[in-house]
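# quick one: sequence plus predicted model below, questions after.
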Amino acid sequence: MARWLGVFVLAGCLGVAGWCPAEAKDHAVAKSLTRTGLATHGQFSRACAADDLPGNWQLVAFDSSYRFRNPQAPYLFPHQAFQYSQRGGVKSAHSLQRLSGDPDQLFEAVPLDMTYRVEGKGRVVLKTKEHDETVETWSCRVITKDPEGTGDQIMPQRGDLVMTLMGSHGQGLFVRHLRKQAA
């Protein structure tokens, strides 16, 4: 029960902004994304379409040069899961501990506060459900080719998503590498 309560608290922290500077590259999971060279995935990816997102996704790695004001920002947690529904709902869970068990059961306990839609070429817009306000805009790419000759689980694999959080001036702030969980 305590684990589920922790997941609730962490999931509710998604939009929280804090006070102390922290750099995402200080975290091992962030450094691993830089090592994979996701910034150069262009010829092995395509823009996301609406039917690419539905399902349960788990964080593989992330990267950011953005300095987060809160070192406890959920974006910096090493264990993250996301659920995109066919109806346009999106839920997330963030934890310092490994998220285990059935992802559908995990997300049953998370309130549906956000919606998403895919616009144009892979632009994923997240809005608050209650006020229909845009909260985040992500550039989303689907990996179309498996890496050659590597067994590294962090390397992008065919079907993975690479999502870049876009700033108000169109600059990339944060890159998230997600892998779909088995149904």
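Cool, got the structure.
# you'd agree residue 140 is up against residue 48?
Yes: here residue 140 reaches residue 48: they are 3.6 Å apart, a contact under C-beta atoms under 8 Å. (Glycine included, C-beta is placed from N, CA and C.)
# pLDDT below threshold where in this protein?
Counting by pLDDT under 70, the low-confidence segments of the chain come to 1-42, 66, 149-152, 183.
# would you state the strands of it in chain order?
Remark: strands assigned in the chain by DSSP state E are 22-23, 45-47, 55-63, 67-68, 79-84, 89-95, 114-119, 123-128, 134-143, 161-166, 172-180.
# now do the shared contacts for residue 140 and residue 48.
118, 122, 124, 161 (C-beta atoms under 8 Å, 6 or more residues apart in numbering).
# for the spatially closest residue to the third one that is not a sequence neighbour, grab the count of nearby residues.
What sits nearest to residue 124 in space, not counting adjacent residues and going by C-beta to C-beta, 6 or more residues apart in numbering, is residue 138, at 4.3 Å. With neighbours defined by other C-beta atoms under 10 Å, the count for residue 138 comes to 23.
# how much space between residue 138 and residue 182?
24 Å (C-beta to C-beta, to the nearest Å).
# so who does the most centrally placed residue in the chain touch?
What sits nearest the mean C-alpha location of the chain, by C-alpha atoms, centre = their mean, is residue 176, with 5.0 Å. Residues near residue 176 by C-beta under 8 Å, 6+ apart: 59, 62, 80, 161, 162, 163, 164, 165.
# at 7 Å what do you get?
59, 62, 163 (C-beta atoms under 7 Å, 6 or more residues apart in numbering).
# just among the residues you listed, which is most surrounded?
Highest neighbour count within the contacts of residue 176: residue 62, with 27 neighbours (other C-beta under 10 Å).
# what pairs with that residue across the strands?
Counting by DSSP bridges, residue 62 forms beta bridges with residue 176.
# I figured it hits residue 165, correct?
No: look at residue 62 against residue 165 with C-beta atoms under 7 Å: they stay out of range, at 9.8 Å.
# list residues touching both of these two?
Residues touching both residue 62 and residue 165 by C-beta under 7 Å, 6+ apart: residue 174.
# on that earlier part again, among the shared contacts of residue 140 and residue 48, which one lies nearest to residue 110?
residue 124 (18.6 Å; C-beta to C-beta).
# re the thing from before, as TSV, the strands of the chain with distance to residue 154 would be great.
What follows is these, written out as TSV (distance: least, C-beta to C-beta, whole Å):
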stretch	distance to residue 154
strand 22-23	20
strand 45-47	16
strand 55-63	6
strand 67-68	22
strand 79-84	14
strand 89-95	19
strand 114-119	25
strand 123-128	22
strand 134-143	13
strand 161-166	12
strand 172-180	8
